[in-house]
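A.B. asks: model the following, please.
(chains A, B and C, ligands or ions: 2)
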Amino acid sequence: MLKMTDVKKVFRTDLVETHALKDFNLQVGEGDFVAVTGPSGSGKTTFLNIAGLLETFDGGTYELDGQDVSNLNDKHRSQLRNEKIGFIFQGFNLIPDLNLFDNVDVPLRYRGFNSAERKKRIENSLEMVGLAQRMKHLPSQLSGGQQQRVAIARALAGEPRFLLADEPTGNLDTKMANSVMELLKTINDAGTTIIMVTHDADLAKQARRNIYVRDGQVSEL
Amino acid sequence: MKQSQPQTSTNWELGPILRAMLRNKVGAILIALQIAITMTIIVNSVYIIVERNKDMQRDSGIDNENSFYLTSVGFGENFNVPNTVEEDLTMLRALPGVIDAIQTNAVPNSNSGWSMGLKTQSGVEHDAVGTAVYMVDDHGVNALDVEIIAGENFAPSDISLRTVGQVDWPNKTIITKAMAENLFPDINYADVVGKTVYINDIDPMVVVGIIDKLQAPWVNWSNVENVMLSPERQSFKGSRYFIRTEPGMRDTLMNQVEELLANSNNQRLIKGMRSIEETRERSYRGHTAMIKILTTVMVILTIVTALGIVGLASFSVNQRKKQIGTRRALGATQGTIIRYFMFENFLISSIGVLLGAVLTVILNVILVNAFGLDRLDWFYIPIGMLVLWLVGQAAVFGPAKKAANIPPALATRTV
Amino acid sequence: MFNYYIKLAFKSFKRNPILSLLMVTAIALGIGASMTTITVNYLMSANPIPHKSEQLFHIQVDSWDPNNPFNDDDDALPNQLTWTDATNLTHAKKALRQSAMSMSGAIIEPQGSESKPFEASIRLAYTDFFAMFDVPFLYGGPWDNNSDSNREQVVVLSKRTNESVFGGENSIGKDIVIAGRHFQVVGVIDTWEVMPKFYDVNNGPFNETEELFMPFSLKEDLELPNWGNNSCWKSPDGEGYAAFLRSECINTQMWVELPNAQAEADYLDFLNNYVRSQKELGRFPRPLHNRLNDVMEWMERQEVVEEDAKMMMWLSFMFLLVCLLNTIGLLLAKFTGKSSEIGLRLAVGASKADVFKQHIVETACIGLVGGVAGLGLTLVGLQGIKSLYGDFVDDLATLDASMIVVALVIALVSSIAAGLYPTWRACNISPASQLKNQ
Ligand SMILES: Nc1ncnc2c1ncn2[C@@H]1O[C@H](COP(=O)(O)OP(=O)(O)OP(=O)(O)O)[C@@H](O)[C@H]1O
Ligand SMILES: [Mg+2]
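C.D. replies: Residues are numbered from 1 along each chain as shown, chains lettered A, B, ... in the order given. Ligands and ions are numbered 1, 2, ... in the order given. As a prediction, this is how the structure comes out:
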């Protein structure tokens, strides 16, 4: 499903070389729910970015869905992201000028669905996160938890195989965090593979599997 | 696994772009207005430039490159004009390189000359057609490099001598084809030969010949091709000589002639030696200047507008960095991002050029009423719209490219 | 506080150098273009004789063709007078001062073998010309009334002519040969260039002053050529120069000085009576229609300001408008970019007025810098105009103190106007929205 072997990532700036990932090895199976924890700066986001094809890597191999993605060009990677991967961000990353409907619409447009199909999917996914009534609202008119749910709706609308979340609850209070977690579990139960980076040990425990990243390497718990 | 069939058609995101734009109206309106006014100025300027250029390109009828003229002013007590003119012309015509030389009262395109009115019927109550008058002898046609297309040239015996204050006119004239058609709109110009026209309301002149084309002295006169030749030499204190040379000989001859004339008689002075080229350059200086100024204005204006678009677009790219990263993360290709900004600009420009089309027509109507310009030809407007569209697209391309290079990882790296 | 705002403005300038530079350039270009055309228009429409322009009148009488008006304009009167009327009216002496005048030219033959004969332009006028128009004299003065009536061969030289003929020395009383006759120099005028040359706009409103001045009455004696515009609706009765002078052809200008409204009204009455008496002689076939135009009315009527100059001025205003729209857009961008800073200032207790002042000062600074740069561009623009149009516009393309002030005021006013909306937007940022995440 997702298989990283000896993946390396080096960030070079003028002064320093940061080895963000060193021989990173991980295999995630179909339908899994992996929680990633680790100290700050250990390489969690870097791993997630590489997994989600947001960033390239400098060594090792990475197979996504049985396909070697090491040497894909940018366009190809964009398409794969669009079709197979859904993202949830710590800062929600909703587009402030667009209402909820248009926000969820964004990845579907890139997918090239026709408008009827898009409308159906947007309504379904907003329904699922309980915000169908507020389709015409702007992100600024929602609370943080609601915004994150819209982000989840947006990630799900394309029916991705993988859902990648970087501290999805980082900006939310415990209650909101729990409700988002419940939502993710429901989604996972429906068959979507989830990888979630979190600092919250309680939330991590609720995942099927926990991995711990330290110094750019995995140590399974 | 569920799998939906993606559509193959490209998605332009018209709806979301429009809705996002409506939420940031002011920026879009400012750019649209700039484009509209820029288009208004540019289209009208181009139109003015083209019109002025057309004026300058008109055929003067004479040999612009190889003609020059000068004035000889006598001042001594015993200065005899007719004799001097006869001597001068004989000498000038014999000079190697001179094709022909004449005495004339005025020079085409020089902005100073004589005008008269000709009538087809005798009497003060009839309307006259205004015309420039060149008084020339039988060498006039050759020196002015015009062609007789009907009738015939003056004969040497037709030439009379005009004195200061003389009011009557010779009984023959040669007119331009344009003048013939203005006088007798209903008949073929060739049939005008032999007709009698009236000068000074009642003095008859017979049209003996028609010449193809010759311009009046006043380049901005609406009837600049209304010209008549009168078979006369003049016994005025100042005699103007018009000389046509063989190609390439003009400048040498100008020097030579000045010296020859000055030395041949110390009771006169030679002034106003000037080539037709220079004369035309002076007469059209206002046009040339206007063309250059408008061109400069157009170029600077286009740059200002383009830079404005670049500035605002760069700014909006900077503002939307996170959003762009997010879009990339959600599957937008670099091409999609470029297309997004280009299309957004296209929409704004479209509003701009549509408004610009209206403003262009309004400004043109104002110019027509206030400054007597001609009406704009319709096709300037679509061309202007197209150009401004392209300017907008070119200007936004850089910032759009910059946007496309924003890494998708930005989505997770910024909060 | 003001200094603090200035400091902030410069900080902000430095933080967004490209955006700021773009704004300054836009304003500078707009100001440069408009100031160039405003200057040319301003000088073209300048009052050439401000202290008495309302007491000097150009006379128009309708002596034209019974069948056709002078031109298509309803209100049109001939723009000059016949020699006959101008002389009659001058001799009537019904105004405080009066002079018929016209332009001519003749050859000057300097004594002594070195200098060659040359042609000079002549202003033919009556002695009142000099007092009426306040012509400054370097040596001597105008000829007297007797010289006018006795057709004495006296002449007033321009400073330049005096230099080329007499080497610039005091030449009063000296002899000079003009048009083959001996003249006595009675005066040399100092530099006198009126802009526009209002007393004879037909012959180029921006041409130079004539090189010689001599009694108008000599025109007939010397049969001096007509250098100015001459228009006829009827050919002269008879041959020769005298017949030409006495014809219905118009080639003479006529100015009078009338010190007050009463004198003006009286003069118009006199003029109407004169025309009535001429009608009895069979002249003036058109309806009675005469007019007195003061200097500025005459400039207006004669459309002294070139159409191209006017057109260019309007186009340059539109250009300025584009530049300002540009600036508004860029300011908006700049201030939006600063919205978190503004939010913070509001949150820590700045009032809206404070924020408003801060940004207006910033805008004004940009406007001022743009204005100064615009002045530089104006000089470049005027230089360009000179090189394109040639010498005759030299005096039309100079920047005086009042124009510099105008430029800076326009720059300030327009940039502040451009800054109002962006500033207003900046002030209305809610402090809360900036502190909230996202
Ligand atoms: N673009 C970059 N350029 C240089 N170094 C980078 C870049 N992005 C990340 N790094 C470095 O790579 C290392 C791993 O960063 P990463 O963001 O993956 O950490 P993290 O585990 O997600 O930390 P946190 O829990 O604080 O989010 C860090 O040392 C970081 O400074
Ligand atoms: Mg991280």
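A.B. asks: wait, doesn't C:Asn145 sit right on C:Thr127?
C.D. replies: Yes: using CB atoms under 8 Å, C:Asn145 is in contact with C:Thr127, at 6.0 Å. Yep, even glycine has a C-beta here, placed from its N, CA and C like the rest.
A.B. asks: quick one: low-confidence parts of chain C?
C.D. replies: C:74, C:113-114, C:391-394, C:430-438 (pLDDT under 70).
A.B. asks: so C:Asn293, which of the three states?
C.D. replies: strand (DSSP: H, G, I helix; E, B strand; the rest coil).
A.B. asks: nearest residue to it in space, please, no chain neighbours.
C.D. replies: C:His58 (4.8 Å; CB to CB, 6 or more residues apart in numbering or on different chains).
A.B. asks: okay, C:Asn145 and C:Thr127: which has more neighbours?
C.D. replies: C:Thr127 (23 against 12; other CB atoms under 10 Å in any protein chain shown).
A.B. asks: the residue nearest to the more buried one when sequence neighbours are not counted in helix, strand or coil?
C.D. replies: Of all residues not flanking C:Thr127 in the chain, C:Pro142 sits nearest, at 4.8 Å (CB to CB, 6+ apart). Put simply, C:Pro142 is coil when judged by three-state DSSP.
A.B. asks: pretty sure C:Pro142 contacts C:Val188?
C.D. replies: No: the pair C:Pro142 / C:Val188 is not scored as a contact, 11.4 Å apart, by CB under 8 Å.
A.B. asks: so what sits opposite the residue nearest to C:Asn293 in the bridge?
C.D. replies: C:His58 has these beta-bridge partners by DSSP bridges: C:Trp255, C:Asn293.
A.B. asks: if you look at the longest helix along chain C, does any of it touch chain B?
C.D. replies: Assignment by DSSP state H gives helix C:352-389 as the longest helix of chain C. Yes: with CB under 8 Å from any CB of the partner chain as the measure, helix C:352-389 is seen reaching chain B through C:384-385, C:388-389.
A.B. asks: just name the closest of these to ligand 1, please.
C.D. replies: Closest approach to ligand 1 among the residues of helix C:352-389 next to chain B (CB to the nearest ligand atom): C:Gly384, at 51.3 Å.
A.B. asks: hang on, the earlier thing: of the residues of helix C:352-389 next to chain B, list those near ligand 1.
C.D. replies: When CB under 6 Å from any ligand atom is taken as the criterion, no member of the residues of helix C:352-389 next to chain B contacts ligand 1.
A.B. asks: closest one of the residues you listed to B:Ser122?
C.D. replies: C:Tyr389 (45.5 Å; CB to CB).
A.B. asks: common neighbours of C:Pro142 and C:Val188, please.
C.D. replies: Each of C:Val156 lies in contact with both C:Pro142 and C:Val188 under the rule CB atoms under 8 Å, 6 or more residues apart in numbering or on different chains.
A.B. asks: report the buried residues of the following helix or strand past the longest helix of chain C.
C.D. replies: On the C-terminal side of helix C:352-389, the closest following helix or strand by DSSP states H and E is helix C:401-427. Buried residues in helix C:401-427, defined by neighbour count with 16 or more other CB atoms under 10 Å in any protein chain shown: C:403, C:406-408, C:410-412, C:414-416, C:418-419, C:422-423, C:425-427.
A.B. asks: counting contacts, what elements does helix C:401-427 pack onto?
C.D. replies: Counting contacts by 3 or more CB pairs under 8 Å, 6 or more residues apart in numbering or on different chains; DSSP states H and E, helix C:401-427 packs against helix C:17-44, helix C:307-337, helix C:339-347, helix C:352-389.
A.B. asks: that helix versus helix C:17-44: what angle between them?
C.D. replies: 140 degrees (axes from the mean of the first three to the mean of the last three CA atoms, to 10 degrees).
A.B. asks: please name the nearest non-neighbouring residue to the residue most central in space within chain A.
C.D. replies: Nearest to the mean C-alpha position of chain A, by CA atoms, centre = their mean, lies A:Leu164 at 2.0 Å. Counting by CB to CB, 6+ apart, A:Leu164 lies nearest to A:Gly52, which is 4.6 Å off, once chain neighbours are set aside.
A.B. asks: neighbours of that neighbour, how many?
C.D. replies: Around A:Gly52 there are 27 residues (other CB under 10 Å).
A.B. asks: that one and A:Phe89, how far apart?
C.D. replies: Distance, A:Gly52 to A:Phe89, using CB to CB, to the nearest Å: 11 Å.
A.B. asks: overlap in contacts, those two.
C.D. replies: What both A:Gly52 and A:Phe89 touch, as defined by CB under 8 Å, 6+ apart, is the set B:Ala329.
A.B. asks: if we can go back for a sec, got the helices and strands packed on helix C:401-427 as JSON lines, with distance to B:Ala395 and mean neighbour count columns?
C.D. replies: Listed next are those as JSON lines, based on distance: least, CB to CB, whole Å; neighbours: other CB atoms under 10 Å in any protein chain shown:
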{"stretch": "helix C:17-44", "distance to B:Ala395": "13", "mean neighbour count": "23"}
{"stretch": "helix C:307-337", "distance to B:Ala395": "12", "mean neighbour count": "23"}
{"stretch": "helix C:339-347", "distance to B:Ala395": "25", "mean neighbour count": "17"}
{"stretch": "helix C:352-389", "distance to B:Ala395": "21", "mean neighbour count": "20"}
